[in-house]
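J.: the following block contains a protein sequence and its predicted model.
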Amino acid sequence: MINEYVKNLTEKSAEFSLPEELIALRKFYKDSGIPTILDESLSELLLTVAIKSPKNILELGTATGCSGTAMLLTEKSANLVTIEKNVYSQEEAIKNFKKFGVYDRVTCVLGDSYESALQIKGEFDFIFLDCNKASYSRLLPVLKNLLKKGGVLFTDNVLFRGYVSGEKEPPKEYRSLARKIGEFNELLAKDSDLITCFFDVGDGIAISFKK
Ligand SMILES: C[S@@+](CC[C@H](N)C(=O)[O-])C[C@H]1O[C@@H](n2cnc3c(N)ncnc32)[C@H](O)[C@@H]1O
């Protein structure tokens, strides 16, 4: 009951902190089965961005550019580098970045998250990790290198439908992925360079601070 109450309020917060047009676009993608961060998780993401006020954001998993746009509308002086492997998603994202007037602050990278992250030069004070979940563990040391001291790593889907914690038994096709996300969570929790908290919000969120 209480959880549902908190969830509804948190979802509402995302709805009221963004332009109506972006809310409608997110709804359209959601209804069409196109992946985008859940409302509740988006609120948490935007809250973290607003508190941190990052200047340089790295996003892994651009999709249609909704989360990237929302972060840039929240932090007006931030720049975004965003990685996506699907060319059609990237084209859609570019259209959306232009539509919401943030394209001049975006660098779109087309490619695999791990290979692209290895090539990226520079430092970031905020990283949003939201791409292929099976690669999270492999990405962690690379992302830690790209993250400034005092920077924040925000990871989505760390509970993956309840399959990671054992709350629900994963179907056969998701067993390996659930195990890999669990391994990543352990890495995060045990990393002495990071302070990490896990939140039962949306599909599960981890927020890590680099000491
Ligand atoms: C959950 S969606 C991202 C949603 C987006 N952050 C948002 O909230 O609007 C995950 C995205 O990661 C992309 N992706 C999957 N595997 C990838 C890989 N190996 N490298 C880069 N991107 C990948 C998918 O194509 C998809 O667009």
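T.: On my side now, so go ahead.

J.: ok, how many other residues are close to residue 114?
T.: 16 (other Cβ atoms under 10 Å). All C-beta atoms are positioned from the backbone trio N, CA, C, and that covers glycine.

J.: confidence score at residue 2?
T.: pLDDT for residue 2: 69.

J.: what about the protein, any weak spots by pLDDT?
T.: 1-2 (pLDDT under 70).

J.: residue boundaries of the strands in it?
T.: Applying DSSP state E to the chain gives strands spanning 56-60, 79-84, 106-110, 124-129, 147-156, 194-199, 205-210.

J.: other SSEs contacting the last one?
T.: Looking back up the chat, that one is strand 205-210. Contacts defined by 3 or more Cβ pairs under 8 Å, 6 or more residues apart in numbering; DSSP states H and E place strand 205-210 against helix 39-52, strand 147-156, helix 172-190, strand 194-199.

J.: and the third one, how far from the chain's centre?
T.: Looking back up the chat, that one is helix 172-190. 17 Å (Cα atoms, centre = their mean, to the nearest Å).

J.: can you name the residues of this structure that neighbour the ligand?
T.: Applying Cβ under 6 Å from any ligand atom, we find that the chain lies next to the ligand at 35-37, 61, 63-64, 66-67, 83-86, 89, 112-113, 130-132.

J.: at 5 Å what do you get?
T.: Residues of the chain lying near the ligand by Cβ under 5 Å from any ligand atom: 35-37, 61, 63, 66-67, 85-86, 89, 112-113, 130-132.

J.: redo the strands of the chain as CSV? Include mean neighbour count.
T.: Putting the strands of the chain into CSV (neighbours: other Cβ atoms under 10 Å) gives the following:
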stretch, mean neighbour count
strand 56-60, 24
strand 79-84, 24
strand 106-110, 17
strand 124-129, 24
strand 147-156, 20
strand 194-199, 15
strand 205-210, 21
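
J.: a markdown table for these, including distance to residue 185?
T.: Shown next, in a markdown table, are these (distance: least, Cβ to Cβ, whole Å):
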| stretch | distance to residue 185 |
| --- | --- |
| strand 56-60 | 17 |
| strand 79-84 | 22 |
| strand 106-110 | 26 |
| strand 124-129 | 12 |
| strand 147-156 | 9 |
| strand 194-199 | 7 |
| strand 205-210 | 7 |
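
J.: now residue 204: phi and psi?
T.: Backbone dihedrals for residue 204, given as degrees, to the nearest 10, come out at phi 100, psi 130.

J.: find the nearest non-adjacent residue to it, please.
T.: Nearest residue to residue 204 in three dimensions, chain neighbours excluded: residue 159, at 2.5 Å (Cβ to Cβ, 6 or more residues apart in numbering).

J.: so the one you found touches residue 203, yeah?
T.: Yes. The pair residue 159 / residue 203 is scored as a contact, 6.1 Å apart, by Cβ atoms under 8 Å.

J.: compare these two (neighbour count), which wins?
T.: Between residue 159 and residue 203, counting by other Cβ under 10 Å, residue 159 is the more crowded of the two (24 against 18).

J.: give me the phi and psi for that one.
T.: Torsion angles, degrees, to the nearest 10, at residue 159: phi -110, psi -10.
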